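J.: predicted coordinates and the sequence they were generated for:
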Amino acid sequence: MYLKLATLNLQNYLEPPNAFYDFEQIYSRNQWDKKQSWIKRYLDKQSPDVIGFQEVFSIESLKTLTADSGYQYFGVVDQPKVEDDFIFSNPVVAIASKYPIKTVAHVDYDTKISQDIGLSKDISFVRRVLRAEIELPHVGTTDFYVVHFKSQRAMLDAEYSSELNEEQNFCEFFRTEIAGGWASSIVRGSEALLLQLAIITRREKTNNPTLLLGDFNDSLSNSTLKHLTQRHLFDRMFRHNQQLINKYALSDSWDVYLAHRLSNQTESNEEELVRESSHFFGGKGSVLDYILMTQEFDARYDQHIYETVGHQTLNKHVVNPAFDLDGCSTDHGVVEVLLKLRK
């Protein structure tokens, strides 16, 4: 028994004649058809059992497309913002599943804790986080979270002033870029923190296995996100109770997969164990898209039900695109994990 899970940022998934962000950014009908065809080819060929999506504007179009590829269940928890009847902003996340989705809800966060740590009482997720309860075989009700954390784009903008000399303009832009970038990091880190607290609370209440999928817009090794997977945070007062630590900690599926590969000497091949980039900007690749999991999907722990036997990032459409097929796809790779039922 195998399960395949995936996450995919669709990059401005918006059906024409609507525009994304400004009135000039509209797909032609041919471009839209190419984008739709690319997504459908992926779904039909790779056929993940559950997939999370980011940057969704045209919700009904995606729901219809996924249904045509065998996904009977679909969920969203928000709507994009629309200005002037056709200019869209604030895309949402979505989830499609071949297994029953029991409930779909947006994630609330602990307002008391957020204020205790100095965050504004008006803080909210830049994009609402989706939580879906999905009935997976052998595991039962499982909590899937789909996220798209705040981007790294600076939150402040500077304008060139003719009243300033070149050096003064440079310093103004430099200060603004540094401050704006840090502001984005604060928001992104706060989103990850508040979500993690909500996941812990939910896990305590339901004991549901948990999977977190999405575009994190940062590396898990960076200070803004590293708390999501660092087990030593649980160790300070409860290191004697490894069972509790294992229950509430999240693991990066790539690390879980590496542990699986390295435990099988015959499969170990260092050249094959290079993590592929999931996003490309300015010719540079980085890993921004992740799938995190609790111990039920990690063979290192006695409580596992599935083991993670596969992990791949499909990015050929970005690295070496065939224009006729990939020209209107996305600038993100598809991250997939393959789970195998425990023997």
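T.: Perfect, thanks for sending it.
J.: got a list of what the closest residue to residue 27 other than its chain neighbours touches?
T.: In space, and not counting its chain neighbours, residue 27 is closest to residue 16: 4.8 Å by Cβ to Cβ, 6 or more residues apart in numbering. C-beta here means a position set from N, CA and C on the backbone, and glycine is covered the same way. Counting by Cβ atoms under 8 Å, 6 or more residues apart in numbering, residue 16 touches 26-29, 31-32.
J.: now the helices for the stretch 101-250 of the chain?
T.: 111-116, 166-206, 232-238, 242-248 (DSSP state H, counting those that start in this stretch).
J.: mean pLDDT lowest where, among those?
T.: Looking over the helices of the stretch 101-250 of the chain, mean pLDDT reaches its minimum on helix 232-238, with a mean of 62.
J.: export the contacts of residue 16 to JSON lines and tack on pLDDT and secondary structure?
T.: Formatted as JSON lines, these follow (pLDDT from 0 to 100; DSSP: H, G, I helix; E, B strand; the rest coil):
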{"residue": "26", "pLDDT": "92", "secondary structure": "coil"}
{"residue": "27", "pLDDT": "91", "secondary structure": "coil"}
{"residue": "28", "pLDDT": "90", "secondary structure": "coil"}
{"residue": "29", "pLDDT": "94", "secondary structure": "helix"}
{"residue": "31", "pLDDT": "94", "secondary structure": "helix"}
{"residue": "32", "pLDDT": "94", "secondary structure": "helix"}
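J.: ok, and the most crowded of these?
T.: Among these, the one with the most neighbours (other Cβ atoms under 10 Å) is residue 27, at 21 neighbours.
J.: that one contacts residue 36, correct?
T.: No: with contact defined as Cβ atoms under 8 Å, residue 27 does not reach residue 36; the gap is 9.9 Å.
J.: next, the residue nearest to residue 27: secondary structure please.
T.: For residue 16, the assignment made with DSSP: H, G, I helix; E, B strand; the rest coil gives coil.
J.: mind checking how far it is from residue 30?
T.: 10 Å (Cβ to Cβ, to the nearest Å).
J.: nothing else from me, thank you.
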